[in-house]
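Engineer: Sequence below, structure please.
(one chain, ligands or ions: 2)
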Amino acid sequence: MSDEKLEQNGLSRRSFLGTAAASGAGIAGAGLLGLAGCSNGEGDKAAASGAAPAEKAAAHSAEPGKQTSEVGPGELDQYYGFLSGGQSGEMRLIGVPSMRELMRIPVFNMDSATGWGRTNESLRILNEKITPETRKFLQDSGLRCYPNGDLHHPHLSFTDQTYDGRYAYANDKANNRVCRIRLDVMKTDKIVEIPNVSGVHGLRPQRYPKTGYVFANGEHIVPVDGVGKWDDPKTWNAVYTAVDGETMDIAWQVLVDGNLDNGDADYQGKYSFSTCYNSERALTVQGASSNEQDWCVVFNLAAIEEGIKKGDFKEVNGVKMLDGRAEANSPYTRYIPVPNSPHGCNASPDGKYIMLNGKLSPTVTVLDVSKLDDLFAGKIKERDVVVAEPQLGLGPLHTAFDGRGNAYTTLFIDSQMVKWNIDDAIKAYKGEKIDPIKQKLDVHYQPGHNHTTMGETKEADGKWLVSLNKFSKDRFLNAGPLKPECDQLIDISGDEMRLVHDNPTFAEPHDLCLVAASKVNPSKTWDRKDPWFWQEALEQAQKDGVELEKAAKVVREGNKVRVYMTAVAPAYSVPQFEVNQGDEVTVYVTNVETIEDLTHGFTLEGYGIAMEIGPQATSSVTFKAVRPGVHWYYCQWFCHALHMEMSGQMIVKPK
Ligand code: RUQ
Ligand code: CUA
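Structural biologist: Numbering: from 1, shown residues only. Ligands and ions are numbered 1, 2, ... in the order given. Down below sits the predicted model:
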């Protein structure tokens, strides 16, 4: 309910929260209502001063070059940041410019708070689209799912070159997966494992006409079935994958040369790109960096689709794979030579250029997208597509844009952000005496990715730049040998970059994207009419003649026991149930609260089980009742003044 509506009803937000938290139960005495919320004068004052967060948010849109990160208590940020959790395996949601962490979204990790990786719903998503070989591996290893992941590159779905607010996608480099997060509930809804690859690294969604494809780079060369020999690395390849962003099935793969690193898509829906740092096909650092030049591989989407139609592919482990190797001289790919070991790959928001960041070379190579038709038609040579190659400094890794013709490149070795003008760089490449570099700003230290607000869309607004720095030593209180990373916020709205804020982050924000808050509109509770998350629970309940929203029932079928309960603060509808040692037990909990933010939990002591049940959601967990005795279950989400009392007992009768 909006604050205005609350006030019309004569309620302040705080006193409303108080009554709401207690009212659901119907068993809490009137005297306890006051415990849950604050129904004193202070609450009314807070409501008056915090009445219109949206209006207050406007207060910090200052003059160009004078923005602050200050977002006062009760004020809202203007941007969402979708931040990678790196080897933590999760995705994180932050508010920008405050840089406050809003949420952690479990994806490739196991999560103690929400039960991700333990609940039936999360295990279905984690294991739905894995290869038969991985399924066997997990079984043989005694694992329910992969316990870790390495999430590098979060990017949102596009329609017509800008964010459409439907999905976020990201890669898992550790176990070769691509995930999708539904932005309406901020939960992972699909995870697909990519066969035939090793180390899914770069990831980018198609921008036009929409997503469409999600492109995923296989980084490490491997002996691809039917192509490579185990004992001869010279026959190993990397594989480029297009995932269908709607179905999350694999659309096609292309066999390529060299290790693929980062990628991007164009703004026209015709081409996609990947940097490649190991044209040598080496297995060592020295080997992989010995050539003076590596490549940018360009993929021709229309030609690939045509090739599929004509049947010019091999089926490898269930996936259509086309041959796009350099020596195959295929219609599907072109290999553009760029200086040694390029890393980041970034399309400029005017849709004209692709930047290839030099890493071992102090340069960024600029490709003109409009020349690619001629390149594929054989009318020009590979290097004719290059229109600039400015020398920027040591260790260029990634480039971001302000929508005003400027680019911002991270210099890993120099620990700097360099601002440069794209047109000036093109003029300089043609021989004009002009320095494209506008400014260099020190960052702390060793920046990897950077990102600007809306900077990978046609709506790049040039307000903020975030630098994700890999090292933080001496920047914060010493946290011991393992140090946090350092994320820095830079005001780019004026002529000069200005460092405004920095904060530590845990392992490890590789990348992020910064999205205008208006583009993302998560719902406030789950929707019972859209049971995608608990579909299996619903089907089982229907078989058992149980209505999840009203359930208080224990169903026994041989040694299988199904316990259906609801959660309404501060009680479960089943306060106690009994099973026999060795039974397979499934507990289904439905949170029937209609009130925003009223999350319940179910933690079963001594069984390694905890799960989150959001308002209007159902969650379930299955386990074997191997431990006899009395096992309490309790709600681990503080939901009510009688939250401590929200509990029950599972009695396991010994054999
Ligand atoms: S890569 S630091 Cu995993 Cu995104 Cu460039
Ligand atoms: Cu329900 Cu705490």
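Engineer: who's in contact with the most centrally placed residue in the chain?
Structural biologist: Taking CA atoms, centre = their mean, the centroid of the chain lies closest to Pro154, which sits 3.9 Å from it. Going by CB atoms under 8 Å, 6 or more residues apart in numbering, Pro154 touches Phe82, Leu83, Ser84, Met91, Ala168, Tyr169, Ala170, Asp511, Leu512, Cys513. Bear in mind the C-beta positions are built from the backbone N, C-alpha and C, glycine included.
Engineer: now swap in Gly89 and tell me
Structural biologist: Pro106, Val107, Phe108, Asn109, Asn148, Gly149, Asp150, Leu151, Asp172, Ala174.
Engineer: 7 Å instead, please
Structural biologist: Going by CB atoms under 7 Å, 6 or more residues apart in numbering, Gly89 touches Val107, Phe108, Asn109, Asn148, Gly149, Asp150, Leu151.
Engineer: ok, and the closest residue to Tyr169 other than its chain neighbours, which helix or strand is that part of?
Structural biologist: Closest residue to Tyr169 apart from its sequence neighbours, by CB to CB, 6 or more residues apart in numbering: Val214 at 5.0 Å. Counting by DSSP states H and E, the element that carries Val214 is strand 213-218.
Engineer: Could you tell me how far that strand lies from the centre of the chain?
Structural biologist: The chain centre lies 14 Å from the centre of strand 213-218; the measure is CA atoms, centre = their mean, to the nearest Å.
Engineer: cool, and stretch 257-275?
Structural biologist: Remark: stretch 257-275 is offset 19 Å from the chain centroid, using CA atoms, centre = their mean.
Engineer: So for it, first residue to last residue, what's the gap.
Structural biologist: Using CA to CA, to the nearest Å, the span of stretch 257-275 from its first residue to its last is 11 Å.
Engineer: Let's test this: mean pLDDT of it, rounded?
Structural biologist: Per-residue pLDDT over stretch 257-275 has a mean of 96.
Engineer: Same question for stretch 532-546.
Structural biologist: Stretch 532-546 comes out at a mean pLDDT of 98.
Engineer: How about stretch 84-102?
Structural biologist: pLDDT averaged over stretch 84-102 gives 98.
Engineer: List the buried residues for it?
Structural biologist: For stretch 84-102, a neighbour-count test (16 or more other CB atoms under 10 Å) marks 84-99 as buried.
Engineer: quick one on the thing from earlier: what's the average pLDDT for the strand holding Val214?
Structural biologist: Averaged over strand 213-218, pLDDT sits at 98.
Engineer: quick check, it touching ligand 1?
Structural biologist: No: if you take CB under 6 Å from any ligand atom as the test, strand 213-218 misses ligand 1, and the best it gets is 9.9 Å.
Engineer: Give the pairing partners of that strand; include direction for each.
Structural biologist: For strand 213-218, the pairing partners within the sheet under DSSP bridges are strand 200-205 (antiparallel), strand 238-244 (antiparallel).
Engineer: now those strands as a markdown table including mean pLDDT and mean neighbour count?
Structural biologist: Listed next are the strands paired with strand 213-218 as a markdown table, based on pLDDT from 0 to 100; neighbours: other CB atoms under 10 Å:
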| stretch | mean pLDDT | mean neighbour count |
| --- | --- | --- |
| strand 200-205 | 98 | 26 |
| strand 238-244 | 98 | 25 |
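Engineer: closest to His343 out of these?
Structural biologist: strand 200-205 (9.7 Å; CB to CB).
Engineer: Nice, that's everything, thank you.
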